[in-house]
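1. just the structure for this:
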Amino acid sequence: MRATLFSLMLFCSAGMLYAQQPADFVNPFIGTSNYGAAYPGPIAPRGMASISPFNVAGPQNLPLEKDSRWLSNPYVNENKFLTGFSQVNLSGVGCPELGVILLMPTTGAVETNHLKYGSTYSDEVAKTAYYSVNIDKYNVKAAFTASKRVGVSKFTFPKGQSNVLLNLGLGLTNEEGAMVKIVSSTEIEGMRSVGSFCYNSPEAAYPVYFVAKFSKPAAKFGVWKKPSKYEGVEAQWMTYNGKTRMMDNSTKMVVGDSIGTYFSYDFDKEETVEVKVGVSYVSIANARENLEKETGNKTFDAVYKETYNEWNEALSKILVEGGSKEEKTIFYTALYHTLIHPNTLNDFNGEYPEIKTGKIGTTTGTRYTVFSLWDTYRNLHQLMSLAYPQQQSNMVKSMLEMYDENGWLPKWELNSTETFTMVGDPASIVIADTYLKGIQDFDVHKAYKAMLKGADQIENNPLRPGLKDYIEKGFLTTNDRGPVSTTQEYNASDYSISLLAKALGKKEDYLRFKNRSLSYRKLFDKDLKLLRPRLANGKWYEPFDPVSGANFEENVGFIEGNAWQYAFMAPHDIKGLIKLMGGDKAFSNQLQKVFDIKQFDMANEPDIAYPYLFNYIKGDEWKSQELVKKLVGTYFQNKPNGLPGNDDTGTMSAWLVYSMMGIYPIAPGDPIYTITTPMFDKVTIQLDPKYYKKKSIVIEREVNNDGKIKQIQLDGKALNSYFISHDDFVNGTTLKVIQN
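-> The predicted structure follows:
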């Protein structure tokens, strides 16, 4: 009996040990094709350092090759020619940046030309906090993990001469220039210049510093430099003109565009070399401290285990039950993608580069960076407020620090540079939404002042170009870029400001901004039942093609979209839009037409809330349920092309997370959710006790023939609506969706 009990205990322990955790469902290959711009390599939650295989260089990778087209990712799943492993990367962005500090293991004589030392590869494995691959040409196995600010590489070499190359000339960024210094046979320090995101602001280029430490001392080491090629008389005297210069055993600082180092070993049997690369945007000293404090003498496996556990804790904030393994995989991979950006900018000691000032700031919390706000204001920050409110609080504080440093709230901030990419004034929406959800441990009065500056200062306003016309006429004209969609973006921001003004007791501002938020109505063409651009004299722009602008085609009225894709982007005034369109039936018919004529674009932000808008029309709510389910099944899959397109720093993934849970933040800035059918039997969202009274909120589905929603209950009481306020939701216990 005792033996049987002991065996049973062992069995139960083993079962617990091998039970799949949320982190085990993550498939980092999702989004590495179809321009998803994800990469399969490791990163810690909101990490500064990340490692990606770099396979977008060289004619072997055509047509998806970085020098032959607009390409914003260091890795493309279809490509097969590898030229290294970059140590800092961006996930799900639309413009090339970072993708630098490339390590590459080779064997035999040292070769410094990446087109020659590059190799095909095989046996890729990607999972949470881990990536490995075999490099065919050299029979080297490479494995990678990462802490928050340190990338850790492990290379297993065969017998013979082996090399670890550090290439600072190759990268995804548009910038050039680097510095490197070999400190010893086990350490390298240096800097790589990066910047010019979306080919903007080249004057704002900035350095990323690094320190690389090797587990074994090199038998030989050196630096290479390939200078530019000179023409004319002076070239006759330059024997090194345009030729790679090898500086063996050099410990001097070397500066240039095409530079790198090599560490060589002579192994008499198979050996493993680990390389830790600490990074910093402040200094080499900080990069070294980051490396030592985070990874010290820890083994590769120890770092992997710590980061895996950190990921599992983060992903466990939302637990799902029921559903298939495939559904759990796409859900947790999407949640994983939402926890990459915004990411950490400050070093271990709290230091970070301030925006614009050039000074070094210090934080006791987390200074976040990579605010792709035109995308993320729509759903990602709402998800953070719900499940990760402490992070969201620090994100708002980071925005206010940027206002202190730069004089403006961020628009599209990247590593303390303001890229001014896209249009609108989205930070105001995020801040208002955060405050109205009860996350209020930031200086709301400073925030409100900053929001008013962006909304009211007509001259020299980088956030709101064309503001004079907007205030005087109610809309931007064809003299401005994307006048219709930009007007709609300003409306959305003004509505959020009005909500915050109301909460702060500022009645005049509340009325003023609420009225301003409705000015899109002046662009409504009653004949077309669409918004269209107006000239400066107020007349309609002619000729007008409502379909022009699809698939990112340039057009006069809209940014990254057309009249159909922007037709319903007034989420704060859907009831007003219903009236404009002639009532419920006309609104529903026009909304349905977006899908019927195939103008709905799942890969872009302006229309991603449209599937939920049928919830505003009594009797048509089933259309939202069917559409959301269909879109999830069509565009989000457990395969490399399993995202509809660019993930936009987690925005598409946030759409999926919400859609599979059965709720969606339908009106950014307004703390409400609309409800659809959950795709799991049970979803448990853990709530942070610092911000919320309850420990968790549960969403359940009761399925009878998988039909339309019959009833929605909150704590056993029927809701008479497909909408629920954030407060009611988080102060409830169970939201139950009952299907026919």
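2. quick check: next helix or strand after the worst-scoring helix or strand of the chain on mean pLDDT?
-> Lowest by mean pLDDT, DSSP states H and E among the helices and strands of the chain is helix 2-18, with a mean of 42. Next along the chain after helix 2-18, taking DSSP states H and E as the criterion, comes strand 52-53.
3. chain center to the next helix or strand along the chain from that following strand, what's the gap?
-> As assigned by DSSP H and E, the chain's next helix or strand after strand 52-53 is strand 85-88. Per Cα atoms, centre = their mean, to the nearest Å, the displacement of strand 85-88 from the mean C-alpha position of its chain is 17 Å.
4. where does pLDDT dip in the stretch 401-550 of the chain?
-> Judged against pLDDT under 70, the stretch 401-550 of the chain has no low-scoring part.
5. next one: the chain
-> Judged against pLDDT under 70, the low-scoring parts of the chain cover residues 1-18.
6. try it again with 90
-> Confidence mapping of the chain against pLDDT under 90 gives the ranges 1-19, 68-70, 174, 196-204, 227-244, 356-358, 420-422, 548-555, 704-707, 740.
7. look up how far Val56 lies from the residue lying closest to Asp620 once chain neighbours are set aside.
-> Ranked by Cβ to Cβ, 6 or more residues apart in numbering and with sequence neighbours excluded, the top spatial neighbour of Asp620 is Phe614, at 4.5 Å. From N, CA and C alone the C-beta is placed, and that goes for glycine too. The span separating Phe614 from Val56 equals 41 Å under the rule Cβ to Cβ, to the nearest Å.
8. equivalent analysis for Ile738, please.
-> Here the criterion is Cβ to Cβ. By it, Ile738 lies 49 Å from Val56.
9. now do Asp584
-> The span separating Asp584 from Val56 equals 49 Å under the rule Cβ to Cβ.
10. now Met191
-> Taking Cβ to Cβ as the criterion, Met191 is separated from Val56 by 23 Å.
11. tell me which of these two has more neighbours.
-> The residue with more neighbours, out of Met191 and Val56, is Val56; 26 against 21, by other Cβ atoms under 10 Å.
12. contacting residues around the more buried one?
-> Taking Cβ atoms under 8 Å, 6 or more residues apart in numbering as the definition of contact, the neighbours of Val56 are 64-66, 71, 73-76, 79, 172.
13. using CSV, lay out those residues together with distance to Thr251.
-> What follows is those, written out as CSV (distance: Cβ to Cβ, whole Å):
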residue, distance to Thr251
Leu64, 39
Glu65, 36
Lys66, 32
Leu71, 36
Asn73, 36
Pro74, 30
Tyr75, 33
Val76, 38
Asn79, 36
Leu172, 29
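14. JSON lines please, covering these and showing neighbour count.
-> Below are the contacts of Val56 laid out as JSON lines (neighbours: other Cβ atoms under 10 Å):
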{"residue": "Leu64", "neighbour count": "18"}
{"residue": "Glu65", "neighbour count": "18"}
{"residue": "Lys66", "neighbour count": "22"}
{"residue": "Leu71", "neighbour count": "20"}
{"residue": "Asn73", "neighbour count": "30"}
{"residue": "Pro74", "neighbour count": "31"}
{"residue": "Tyr75", "neighbour count": "26"}
{"residue": "Val76", "neighbour count": "24"}
{"residue": "Asn79", "neighbour count": "22"}
{"residue": "Leu172", "neighbour count": "26"}
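15. next, the residue nearest to Asp620: secondary structure please.
-> Recorded secondary structure, Phe614: helix (DSSP: H, G, I helix; E, B strand; the rest coil).
16. tell me the contacts of it?
-> When contacts are counted by Cβ under 8 Å, 6+ apart, Phe614 touches 588, 591, 620-624, 627.
17. next: Asn241.
-> With contacts defined as Cβ under 8 Å, 6+ apart, Asn241 is in contact with 227, 229-230, 235.
18. quick check: the gap between the residue most central in space within the chain and Ile259.
-> When the chain is reduced to its mean C-alpha position, the nearest residue by Cα atoms, centre = their mean turns out to be Thr649, at 1.6 Å. Between Thr649 and Ile259 the distance, using Cβ to Cβ, works out to 31 Å.
19. can you check Pro42 too?
-> 26 Å.
20. more neighbours: which of the two?
-> Residue environment comparison for Pro42 versus Ile259 gives the larger neighbour count to Pro42, 31 against 26, counting by other Cβ under 10 Å.
21. tell me the strands in the stretch 351-500 of the chain, going along the chain?
-> Using DSSP state E, counting those that start in this stretch, the strands of the stretch 351-500 of the chain run over residues 351-353, 360-362, 368-369, 371-372, 412-414, 417-418.
22. same question but for the stretch 501-650 of the chain, I mixed them up
-> Here the stretch 501-650 of the chain has its strands, by DSSP E, counting those that start in this stretch, at 524-525, 530-531.
23. tell me which of these is the most buried.
-> Mean neighbour counts were compared across these using mean count of other Cβ atoms under 10 Å; the top stretch is strand 530-531, at a mean of 26.
24. longest helix in the protein, please.
-> The helix of greatest length in the chain, counted in residues with DSSP state H as the criterion, is given as helix 483-503.
25. ok, the closest residue to Ile101 other than its chain neighbours - contacts?
-> Counting by Cβ to Cβ, 6+ apart, the nearest residue to Ile101 once its immediate chain neighbours are dropped is Gln87, at 4.1 Å. Each residue near Gln87 by Cβ under 8 Å, 6+ apart is listed here: 49-51, 100-103, 151, 210, 277, 279.
26. from these, which single one is nearest Leu383?
-> Using Cβ to Cβ, Ser50 is the member of those that lies nearest Leu383, at 21.0 Å.
27. so that closest one sits against Val100, correct?
-> No. Between Ser50 and Val100 there is no contact, the gap being 11.6 Å when judged by Cβ atoms under 8 Å.
28. shared neighbours, these two?
-> When contacts are counted by Cβ under 8 Å, 6+ apart, the set common to Ser50 and Val100 consists of 87-88.
29. OK, contacts around Glu78?
-> Contact partners of Glu78, counting by Cβ under 8 Å, 6+ apart, are 33, 64.
30. kindly recompute the last result at 6 Å.
-> Taking Cβ atoms under 6 Å, 6 or more residues apart in numbering as the definition of contact, Glu78 has no neighbours.
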